[in-house]
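Peer 1: I'd like to go over a predicted model; first the sequence, then the structure.
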Amino acid sequence: MAGGTPTASVAVGPSETVWRLIEYAWYQPDGNGKKVIQEAAFIGQVSLVRASLVTVQIVDVVKNSKFAKYGIARLSVAEIYKLQEEICESMRRRIGRQTRMCSLFDPPEGRCS
């Protein structure tokens, strides 16, 4: 589907959960010694997997078990849109106008409540 527009049957809806595979290097102790997921896990081109289409067992064996030592961050699609909106609103308040980044990433109307 590269370069195409997702159809209703393949579009990820706000009620779904997606997984982000977390490398060991991205799950390290913070200043208080508590292990947390590092920001690096969500910088650049981030790949997410639909939780409804995979299992932990599949993740553990894919690519010759490359991901078996990784963790899985479960993310609500609705929460992703909500956080995106909060970040964009904060940017708008700080710079006083719509930003190109927010224009590119605003969710389609009606996608999330």
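Peer 2: Received, thanks.
Peer 1: which ones are touching Ser76?
Peer 2: By Cβ atoms under 8 Å, 6 or more residues apart in numbering, Ser76 lies in contact with Glu16, Thr17. Any C-beta I mention is one placed from the backbone N, CA and C, and that applies to glycine too.
Peer 1: the helices in the chain, which residues?
Peer 2: Taking DSSP state H to define them, one finds helices in the chain at 56-65, 77-95, 100-105.
Peer 1: So for Asn32, which of those sits nearest?
Peer 2: Between Asn32 and the helices of the chain, the shortest separation by Cβ to Cβ is 23.2 Å, and it involves helix 77-95.
Peer 1: Now that closest one: buried residues?
Peer 2: When neighbours are counted by 16 or more other Cβ atoms under 10 Å, the buried residues of helix 77-95 are found to be Val77, Ala78, Ile80, Tyr81, Gln84, Cys88.
Peer 1: Throw those into TSV and include distance to Ala41, thanks.
Peer 2: Shown next, in TSV, are the buried residues of helix 77-95 (distance: Cβ to Cβ, whole Å):
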residue	distance to Ala41
Val77	17
Ala78	20
Ile80	14
Tyr81	19
Gln84	17
Cys88	21
